[in-house]
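K.L.:
Provide a 3D model corresponding to the input given below.
(2 chains)
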Amino acid sequence: MEKMNTENHIQYIYGIADNSLILGQRLSQLCGHGPTLETDIACTNIALDLLGQTRNYYQYAAQCMGESATEDTIAFLRTERQYRNVLLVEQPNTHFGYVMARQFLFDVYHLLVVTQLQESTDSMLAAIAQKSVKEVQYHQRFSAAWIKRLGDGTAQSHQKIQEAINDLWKFTDELFYQNEHDIAAIHAGVGVDVSTLKESYMTTVTEVLTEATLTIPAETWFRKGGKEGIHSEHMGYLLAEMQYMQRTYPDMKW
Amino acid sequence: MKQDWPLWEVFIRSKNGLEHRHFGSVRAADAAMALDNARDVYTRRNEGVSIWVVASKDITASNPANNGELFEPAKDKVYRHPTFYKVPDEVKHM
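P.N.:
Residues are numbered from 1 along each chain as shown, chains lettered A, B, ... in the order given. Here you go, the predicted model:
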């Protein structure tokens, strides 16, 4: 096995952690907005799980970088192009159907990744993954249940969740795209080869959507770019809000 | 929401060996959702190892208007408490 350089190592960690950070930020925007007290708390719990995972990854990345890097500088002081999250997780909370569709399409992938990451030769990443697995299992259970309820619910809920799936489907192919850092991580035994996960992903997604009486869009055009730092038009607004305090009051501490 | 989901009472056992205790209530469309909602609302701080949910409508409750006849008569019958025995010193944890 080849040893990977620090830059590849850090970029690989970002590739995993940034997904959790940005989706956690998106979900936390819903805090206090329902639609019911119970779903509000559930979504906030998931956001907190994701942010907790992010902190573990970033603390480790900061340790690898040395110097003055901290989890906060990584989270708040990068520019848009330096975030490696997939486009799916930055998509807006258009309506509850979108929130659940985005969550489900990510959760199935996320669970496959952290399950595999437990086998990483990087013992820290393996440990973080091991801690995350149970959380992510619950996320998938929660979002899959909502996909089924909405799909197999009323005519209106069916139409709305199908609309969300149709709109978000074009972002799913990027989940399996790997950049040079990912490839280096795989060669070093550190990273998960996500291209091998696509089949399991499609099986689970198809199973749940079928039970929900929903269909996978026959789309052949997919968007990607997030993993290379080329984000959608929504990302800038999300970062502006998330980074506001650190940008306005540099080095501010709670 | 025009129509609220039905109400469910939540009972949680905090440790094995203890009994389930009433923790509160949640709204949910059905029992499975009630269980998930109860998990999210009431066990966020590691409160439980087991959850029961019961549809609130299935609970038969005493009427507070009848409290007088139901509970007042017991108040002055202290002799119903086993407090008139001398407990020997050797008996601990009573």
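K.L.:
Next one: the residue lying farthest from the centre of chain A relative to A:Ile161, how far apart?
P.N.:
Within chain A, A:Ala155 marks the point farthest from the mean C-alpha position, 29.7 Å out by C-alpha atoms, centre = their mean. Using C-beta to C-beta, to the nearest Å, one gets 11 Å for the distance from A:Ala155 to A:Ile161. The way it works is simple: take the backbone N, C-alpha and C, and place the C-beta from them, glycine included.
K.L.:
Name the SS class of B:Ser25, please.
P.N.:
Under DSSP: H, G, I helix; E, B strand; the rest coil, the three-state class of B:Ser25 is strand.
K.L.:
ok, it to B:Val53 distance?
P.N.:
B:Ser25 is 9 Å from B:Val53, where distance means C-beta to C-beta.
K.L.:
tell me, what's touching those two both at once?
P.N.:
Common neighbours of B:Ser25 and B:Val53, counting by C-beta atoms under 8 Å, 6 or more residues apart in numbering or on different chains, are B:Trp8, B:Glu9, B:Val10.
K.L.:
List only buried entries from those.
P.N.:
When these are checked for burial by 16 or more other C-beta atoms under 10 Å in any protein chain shown, the buried set is B:Trp8, B:Glu9, B:Val10.
K.L.:
for the spatially most central residue of chain B, what are its contacts?
P.N.:
Centroid-nearest residue in chain B, with C-alpha atoms, centre = their mean: B:His22, separated by 3.2 Å. Residues near B:His22 by C-beta under 8 Å, 6+ apart: B:Glu9, B:Val10, B:Phe11.
K.L.:
one more time with 10 Å
P.N.:
Listed by C-beta atoms under 10 Å, 6 or more residues apart in numbering or on different chains, the contact set of B:His22 reads B:Glu9, B:Val10, B:Phe11, B:Ile12, B:Trp52, B:Val54.
K.L.:
Could you pull up the residues touching the first one?
P.N.:
Shown in contact with B:Glu9 (C-beta under 10 Å, 6+ apart): B:22-26, B:34, B:38, B:52-59.
K.L.:
Please apply the same query to the fourth one.
P.N.:
With contacts defined as C-beta under 10 Å, 6+ apart, B:Ile12 is in contact with B:18, B:20-24, B:38-39, B:42-43, B:47-53.
K.L.:
Report the buried residues of the strand or helix carrying A:Gln63.
P.N.:
Per DSSP states H and E, A:Gln63 falls inside helix A:37-65. Residues of helix A:37-65 classed as buried: A:38-51, A:53-62, A:65 (neighbour count, 16+ other C-beta under 10 Å).
K.L.:
Specify the next element, helix or strand, located C-terminal of it.
P.N.:
For helix A:37-65, the following helix or strand on the C-terminal side (DSSP H and E) is helix A:71-76.
K.L.:
Please identify the buried residues of that following helix?
P.N.:
Those would be A:Glu71, A:Thr73, A:Ile74, A:Ala75, A:Phe76, for helix A:71-76 by 16+ other C-beta under 10 Å.
K.L.:
for stretch B:23-30, same thing?
P.N.:
Using 16+ other C-beta under 10 Å as the test for burial, stretch B:23-30 gives B:Phe23, B:Ser25, B:Val26, B:Arg27, B:Ala28.
K.L.:
which bits of chain A sit near chain B?
P.N.:
A:34-46, A:48, A:138, A:141-142, A:145-146, A:149, A:153 (C-beta under 10 Å from any C-beta of the partner chain).
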